[in-house]
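Colleague: A predicted structure for the sequence below; I have some questions about it.
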Amino acid sequence: MRQRNRGRAALAALAAMCAVVALPGQVYAAGESAPYTFDPGAKAVRGSEVSTDASALTAGSVYKSSIKPGEKLYYRLDLDADENAYVSAVAVPRAGSNVAYGDGITVSIRDSKDLQCSSEDALFGSAEFPRPIAAYAYRVPKKDSGTCKDPGTYNVLIERDSKATSTPEAWDLELRYEAEPKLGKGAPVPTGAPESWPSASPEPLGQAGKKRHGGTGYYDATSLETGTWEDGIEPGQTLFYRVPVDWGQQIFATVDLGNSVGGSGEYVGNALALSLDNPAHGHVDDASPLSYTGDPASVSLDPLPPVAYENRFTYTSAISAMRFAGWYYLSLSLSPEIEKAYGRKAIPMTLKVQVKNAAKASPYEGSAGVFGVSQDDKDMARSGQSAAEAGRSDTMKLVGAAGIGAGTVLVLGLGAWTLLARRRTATAAGGPAGQQPFAGPPQAW
């Protein structure tokens, strides 16, 4: 029975290896920038225009949906009295479509009386070109509040606003629902946001850097640690990177865009958009879109506070979003207008990332899940592995281990067949007349 299970494990591992070969991605035409890469584990779910018909979301899960211009779609959460629930939505317009200033989505969580727990917008703003944009909403019960603290059914409402000049096709949505771990027993519960923190920019990093190419989604975002990283970005492309930021640590990021050799010198306004999102894929902050004239240019995120549980008690969204440890995501989007002036070739860039301060202890009870930084996370940041690559590596290890086990089973099995054959041959030689000796392993049926 144990050998049979080992054989099944080997087959399962082989199937997993085959599945890994065809990891996610979308087909796109030659010459078109790679589209957003969705999580391959995302489950299809349809938003409902009627709240009572909404599909339920499960904590720790990823979903794929879509939304048309002007639609208001509901999804359902079933929450207990204490759960801190976070639901994010990544809106992905198609490459080549038109978006306008003010186009975007609003994500909110509402109780059974339609009272809003929280909401956030994700808008294209002055960088009016299609790219993935993300927003989140959360339900964090407060004892002194009259709303959103009772157990029961809650609604996630996603609304899309699009101007008449925008392409009237549906946007794909990637939805995530995460539950925050509970605070450790006996730990002091912070009640107020910090009033000050070190806000000076850190000492500049050196110019020499290592090459690391960004991913095309949160799922395959390239892991980075403190350092100077070299890459190139094509017109119309969005690249994703992720950085582990632990409790008490601050993140700083600067992008230096290189010059275009033989370019026209034409001015392209709002050419590069730099954005930062937190471990729940909630928007933290972005830099003012960078204009480009073919000469070197640079843009940085404003200094943000260290990661702290008490950041959530402020009304300033960028500070509030720095409320938990984990992977923080940087996305860089280059306007497709660059191609008209400077061609299709990728423009070289340097991404400078710094994580400052020593890590502090987690305030949570037990495992922090996505809201913490593990040694594996630090190793991935050091090696540059994405979550997708780490998953492939783990699968190959499983395949190797299972392969060794299956090989052992086959060797033992062949040895048993050989021994049995010899015994039957010896019996036949001294047995009744006409008895045929055993002629090898049993035949398959």
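Modeller: That came through, no problem.
Colleague: where in the stretch 301-445 of the chain is pLDDT low?
Modeller: When the per-residue scores of the stretch 301-445 of the chain are filtered using pLDDT under 70, the ranges that remain are 392-445.
Colleague: so which residues of it form helices?
Modeller: Under the criterion DSSP state H, counting those that start in this stretch, helices of the stretch 301-445 of the chain are mapped to 317-320, 338-342, 375-383, 387-430.
Colleague: quick one: the second one to chain centroid distance?
Modeller: Okay, so that is helix 338-342. Chain-centre distance of helix 338-342: 30 Å, with Cα atoms, centre = their mean, to the nearest Å.
Colleague: count of residues packed around residue 153?
Modeller: Using other Cβ atoms under 10 Å as the criterion, residue 153 is surrounded by 14 other residues. (C-beta placed from N, C-alpha, C; glycine too.)
Colleague: skip the chain neighbours and tell me the closest residue to it.
Modeller: Nearest residue to residue 153 in three dimensions, chain neighbours excluded: residue 112, at 5.6 Å (Cβ to Cβ, 6 or more residues apart in numbering).
Colleague: what's the answer for residue 84, then?
Modeller: In space, not counting the residues next to it along the chain, residue 84 is nearest to residue 180; the distance is 3.8 Å by Cβ to Cβ, 6+ apart.
Colleague: for the one you found, give me its contacts.
Modeller: In this structure, residue 180 makes contact with 83, 84, 85, 86, 140, 324, 371, judged by Cβ atoms under 8 Å, 6 or more residues apart in numbering.
Colleague: can you redo these as TSV with secondary structure, distance to residue 69 and neighbour count?
Modeller: Conversion of the contacts of residue 180 to TSV gives the following (DSSP: H, G, I helix; E, B strand; the rest coil; distance: Cβ to Cβ, whole Å; neighbours: other Cβ atoms under 10 Å):
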residue	secondary structure	distance to residue 69	neighbour count
83	coil	33	18
84	strand	32	20
85	strand	28	25
86	strand	26	27
140	coil	31	18
324	coil	34	28
371	helix	34	25
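Colleague: how close does the residue nearest to residue 84 get to residue 235?
Modeller: As judged by Cβ to Cβ, to the nearest Å, residue 180 and residue 235 stand 39 Å apart.
Colleague: sorry, back to before: just flag the most distant two among the contacts of residue 180.
Modeller: Largest separation among the contacts of residue 180 by Cβ to Cβ: 83 and 324, giving 14.8 Å.
Colleague: my read: residue 107 touches residue 173, true?
Modeller: No - contact between residue 107 and residue 173 fails when scored by Cβ atoms under 8 Å: they sit 9.8 Å apart.
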